[in-house]
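> Below is the sequence, then the predicted model.
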Amino acid sequence: QVQLVESGGGLVQAGGSLRLSCAASRRTFENDAMGWFRQAPGKEREFVAAISWSAITSYSDSVKGRFTISRDNAKNTVYLQMNSLKPEDTAVYYCAADAVPGRWYPAMYYKGMDYWGKGTLVTVSS
């Protein structure tokens, strides 16, 4: 069973920064593609960013240049550094993982991944 536990959410003013963390329990973590998604109130969940086992990254257009996804395989942790935050970034942010070790398929990740955390709330005030 895969456990993904997010942390680092909170309240921040527009223009500020936050760093989210996701601790993963999976033994194959170093070979897993990982991702971040978000869901704003009243909206569907959307893709934010993904990172391959070899640190190739993919971002949605709405966060490109402001957010950075990274991973520390020694700590089984993936991060999302969020800078220049905007009120429209307010959402519950979810960590996710691809079920197939070694796979990197960003075109598919826009629809979602296989394993999910419970989410952490980010609120950006104007």
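Happy to help now that I have it.

> For the chain, which segments count as helices?
Using DSSP state H, the helices of the chain run over residues 106-109.

> Could you measure from the most centrally placed residue in the chain over to I51?
Centroid-nearest residue in the chain: W36, 1.9 Å away (criterion: Cα atoms, centre = their mean). Using Cβ to Cβ, to the nearest Å, W36 is found at 9 Å from I51. Using the backbone N, CA and C atoms, a C-beta is placed for each residue, glycine as well.

> what is in contact with these two at once?
Listed contacts common to W36 and I51 are I69, V78; contacts here mean Cβ atoms under 8 Å, 6 or more residues apart in numbering.

> one step back: the residue nearest to the centre of the chain pairs with what?
Counting by DSSP bridges, W36 is bridged to A49, C95.

> show me where this protein has strands.
Secondary structure of the chain, counting by DSSP state E: strands at 4-7, 10-13, 18-24, 34-39, 46-51, 57-59, 67-72, 77-82, 91-97, 115-116, 120-125.

> now those as CSV including mean pLDDT and distance to R103?
Below are the strands of the chain laid out as CSV (pLDDT from 0 to 100; distance: least, Cβ to Cβ, whole Å):
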stretch, mean pLDDT, distance to R103
strand 4-7, 98, 17
strand 10-13, 98, 33
strand 18-24, 98, 16
strand 34-39, 98, 12
strand 46-51, 97, 11
strand 57-59, 97, 13
strand 67-72, 98, 15
strand 77-82, 98, 16
strand 91-97, 98, 11
strand 115-116, 96, 13
strand 120-125, 98, 25
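
> That's all I had, so thanks and see you.
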